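Peer 1: This is a predicted model, with the sequence first.
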Amino acid sequence: MTDKLPRKRRKLFFDSYADFDLQKKSLEHETVQPATQNKSDDKAEYDDEPTDVKLARLISLFPDIDESILLDVLVSYEGCVEAASACLEARRDSKREDASSPPGMQSSLLSSFQSAAPDQAIVSSSSGWSKPLTKRGKTLHLYSPEDIARHTPCSIIHNFLGPEEANELLTELLDEAKTFHSDTFQLFDKIVQSPHTSKLYVSSDYELRQQTEQYVYNGTYQTDVRKLSPRMKVVSDKVQKVVNEQVQRRIQTHYPDGKKLRYQSPREWVPNVALVNCYDGPQESVGYHSDQQTYLGPRAIIGSLSLGVAREFRVRKVAARDGAGDDDNKQQQDEDSVKKTRLPDKIADAQGQISIHLPHNSLLIMHAEMQEEWKHSIPAVSNISPHPVSGNKRINITYRWYRESLHPRNIPRCRCNMPTILRCVQRKQSSRGRYMWMCYAGYAPGSKGCSFFQWAEFDDDGEPLWEKMRMKRSYHTTNDQL
Ligand SMILES: O=C(O)CCC(=O)C(=O)O
Ligand SMILES: [Fe+2]
């Protein structure tokens with residue numbers, strides 16, 4: 001069954017990194033009044049704004065302060081952007097005067113908003129911490145593989161490649177990255193760019209053609225997809241082996257009854273796409289997002305190799321929206337209540353975040369419980385320690401397994417005749433964990449998009465049910481002909 005999901009409502013999802021980056025970036029391009037100017041006009045004009053927009057305005061004014069902190073301040077000033085800005089500016093000024101802050105400390109402004117000693121939030125491998133870890137507005141810093149596996153849906157392997165192999169791969173990709181571009185999207189009628197650069201790599205000429213002619217990203221086709229170099233292919237095979245081992249270990253040690261999760265594929269994880277990201281300097285970033293599951297399917301697993309400058313990888317669990325309407329048919333009512341529920345929803349999100357330290361040559365595995373329930377980001381920071389090979393640059397390769405059953409030829413098309421995107425409901429209590437197909441054409445610059453929406457159904461192994469039915473149909477047809 002196909003339902004309409006009004007455009008107004010679609011705008012309220014900021015789950016993919018494209019969405020959030022766009023939101024963030026769009027406001028950098030927008031003319032925003034300095035917080036100290038036209039205060040009364042400003043208040044009158046924005047009093048009715050949803051919290052997302054208010055938060056985005058704060059992000060545009062204070063791009064160097066973490067989103068969750070901005071939200072915290074916004075909440076403590078009861079949603080008044082003007083008052084929150086004044087407070088943040090005052091703190092920023094006092095921070096500038098504070099010459100005692102050591103260089104290389106992550107996100108120095110963050111520490112000025114941590115009321116208790118920041119060290120309280122650091123857990124060592126021997127701590128055996130078992131209480132709830134993160135507090136509202138706080139960042140818990142994790143370094144050891146044990147702590148990361150225990151407290152997040154990720155595992156990490158340090159010194160993954162031999163030191164020479166890692167440096168050679170880094171050198172090769174730094175050269176490639178010279179010709180990377182940042183992605184361009186459309187959000188709220190604005191053309192905006194992602195705050196770092198990236199490029200997609202695949203193994204064969206056939207896959208390359210498929211990527212440029214069939215696969216759609218943010219409502220448009222990629223023109224420059226590249227082939228994995230022999231070195232990248234060797235590393236991909238190593239990542240495949242280790243990720244599969246880690247996934248089996250995770251199942252045994254973390255999942256109920258030692259069984260894979262519902263919708264998780266029981267098959268071997270076989271990476272066939274590598275997304276290479278380059279962060280040139282401390283200000284390049286990626287905002288909080290869940291990775292798009294359109295071609296990966298439910299309960300996706302991602303292997304992520306970090307090279308060059310060490311950066312923080314922040315994760316936070318997505319909170320369900322308390323008190324949201326439980327009836328999916330009451331869409332209008334739900335929309336009307338969005339304004340009211342948005343602030344508590346955001347407060348729940350500000351419960352705290354975990355920062356995973358990603359040094360050069362570390363492999364992070366995002367396990368099957370990650371994308372549906374957590375968001376991740378690489379925040380902009382004020383300082384980084386330069387890397388001997390890459391200077392200020394960090395290269396990241398995320399290895400992904402695009403499922404054949406989720407090839408664009410199989411995916412429902414919207415009224416714009418574009419393949420739709422797959423998303424998981426993360427917030428609304430009643431439909432949390434359900435998957436849906438939605439139009440995404442409107443995110444391509446110059447396009448409008450439609451309001452297509454359809455629930456997505458998968459079997460317990462994460463295979464789309466339409467595919468099974470189609471296979472059944474063709475099986476019967478073939479056998480009938482024999
Ligand atoms: O750079 C990273 O470590 C994360 C990149 C990321 O989240 C992505 O490509 O989706
Ligand atoms: Fe991601």
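Peer 2: Looks like it arrived, so ask away. Quick caveat: nothing in here was measured; it's all calculated off a predicted structure. Ligands and ions are numbered 1, 2, ... in the order given.
Peer 1: buried stuff in stretch 304-311?
Peer 2: Across stretch 304-311, burial judged by 16 or more other CB atoms under 10 Å covers 304, 305, 306, 307, 308, 309, 311. Placement of C-beta: from N, CA and C, glycine included.
Peer 1: Not counting sequence-adjacent ones, nearest residue to the third one?
Peer 2: Here the nearest residue to residue 306 in space, its sequence neighbours aside, is residue 358; by CB to CB, 6 or more residues apart in numbering that works out to 4.3 Å.
Peer 1: show me the contacts for the one you found.
Peer 2: 156, 306, 310, 311, 312, 313, 364 (CB atoms under 8 Å, 6 or more residues apart in numbering).
Peer 1: Kindly identify which of these also come near ligand 1.
Peer 2: residue 313 (CB under 6 Å from any ligand atom).
Peer 1: and the helix or strand in which residue 146 is found, what does it pack onto?
Peer 2: Taking DSSP states H and E as the definition, residue 146 sits inside helix 145-151. Packing partners of helix 145-151 (3 or more CB pairs under 8 Å, 6 or more residues apart in numbering; DSSP states H and E): strand 139-142, strand 154-157, helix 230-254.
Peer 1: Do the last one and ligand 1 come into contact?
Peer 2: Think helix 230-254. No. Shown here: helix 230-254 not in contact with ligand 1 (CB under 6 Å from any ligand atom), separated by at least 13.8 Å.
Peer 1: Give the buried residues for the helix holding residue 146.
Peer 2: Of the residues in helix 145-151, those buried (16+ other CB under 10 Å) are 146, 147, 148, 149, 150, 151.
Peer 1: can you list the residues of the stretch 351-482 of the chain near ligand 1?
Peer 2: Counting by CB under 6 Å from any ligand atom, the residues of the stretch 351-482 of the chain close to ligand 1 are 376, 378, 396, 398.
Peer 1: out of the residues you listed, who has the most neighbours?
Peer 2: Most neighbours among those, by other CB atoms under 10 Å: residue 376, with 27 neighbours.
Peer 1: How about that residue: what's its closest non-neighbour residue?
Peer 2: Nearest residue to residue 376, sequence neighbours excluded (CB to CB, 6+ apart): residue 315, at 4.8 Å.
Peer 1: okay, now the one you found: neighbour count?
Peer 2: Other residues near residue 315 number 23, with proximity taken as other CB under 10 Å.
Peer 1: ok, now how distant is it from ligand 1?
Peer 2: 10 Å (CB to the nearest ligand atom, to the nearest Å).
Peer 1: how close does residue 271 sit to residue 410?
Peer 2: 20 Å (CB to CB, to the nearest Å).
Peer 1: hmm, back to that, got a list of what the residue nearest to residue 376 touches?
Peer 2: Taking CB under 8 Å, 6+ apart, we find residue 315 in contact with 152, 153, 154, 353, 354, 356, 370, 374, 375, 376.
Peer 1: Same check on residue 223?
Peer 2: For residue 223, the contact set (CB under 8 Å, 6+ apart) comprises residue 212.
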